[in-house]
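Colleague: can you look at this prediction? I've put the sequence above it.
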Amino acid sequence: MIILVMGVSGSGKSTVAQLLAQELNWGFSDADCFHSTANIEKMSRGIPLTDADRMPWLQAMQHAIDQWLQEGKNRVLACSALKESYRQMLWRDPQQIRLVYLKGSFEAIAQRLEARQSHFMSKTLLQSQFDTLEEPQNALWVDVSEPLDVIVQQIRSHLEI
């Protein structure tokens, strides 16, 4: 099974996904690792990515998801997956993939980004993230203002894992 933890930059995707993976004793992957050097440079300079920029990134994750599913590996993937079309590209097997949406207000997430150190994603891109975001209809919605252990337990309880 694959659990895709999605949300805007600063919503806590990587932290929540890592904690969930540790608790389940599953593998963890961060979508940031699938970005090209050019994409990382662009985001570091505060330039939003286009759909064309994102296509190789999404295709690389598609390939990884296909491989994990083929090998029967349980994985938690932290990925922004802001648009429905992106999620559809990653939705390789509806029986084996679950979607978790980390939802928070612009203000709360902006405060988190202010405090975050050494990440390539410029905080100036937060508004473009919210502008791009198409909230998912078929996902577990989790409030990011809850403590991390509560969030992880909500996910486990809802997904019954």
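Modeller: Yep, that arrived.
Colleague: contact partners for the residue positioned nearest the centre of the chain?
Modeller: Per C-alpha atoms, centre = their mean, the C-alpha nearest to the average position across the chain is that of C79, at 2.3 Å. The contact partners of C79, taken as C-beta atoms under 8 Å, 6 or more residues apart in numbering, are L4, V5, M6, K13, D30, A31, M61, L90. (Glycine included, C-beta is placed from N, CA and C.)
Colleague: do the same with F130
Modeller: Residues in contact with F130 (C-beta under 8 Å, 6+ apart) are V8, F106.
Colleague: which stretch of helix or strand covers it?
Modeller: helix 126-132 (DSSP states H and E).
Colleague: could I get the average pLDDT for that helix?
Modeller: Helix 126-132 shows a mean pLDDT of 89.
Colleague: need the next SSE after it, C-terminal direction.
Modeller: That would be, after helix 126-132 and using DSSP H and E, strand 140-143.
Colleague: by contact count, what packs against whichever helix in the chain runs longest?
Modeller: Secondary structure of the chain per DSSP state H: the longest helix is helix 51-71. When contacts are defined as 3 or more C-beta pairs under 8 Å, 6 or more residues apart in numbering; DSSP states H and E, helix 51-71 packs onto strand 2-6, helix 37-44, strand 75-78, helix 84-90.
Colleague: kindly present those as JSON lines, with separate columns for distance to L113.
Modeller: Formatted as JSON lines, these follow (distance: least, C-beta to C-beta, whole Å):
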{"stretch": "strand 2-6", "distance to L113": "17"}
{"stretch": "helix 37-44", "distance to L113": "13"}
{"stretch": "strand 75-78", "distance to L113": "16"}
{"stretch": "helix 84-90", "distance to L113": "21"}
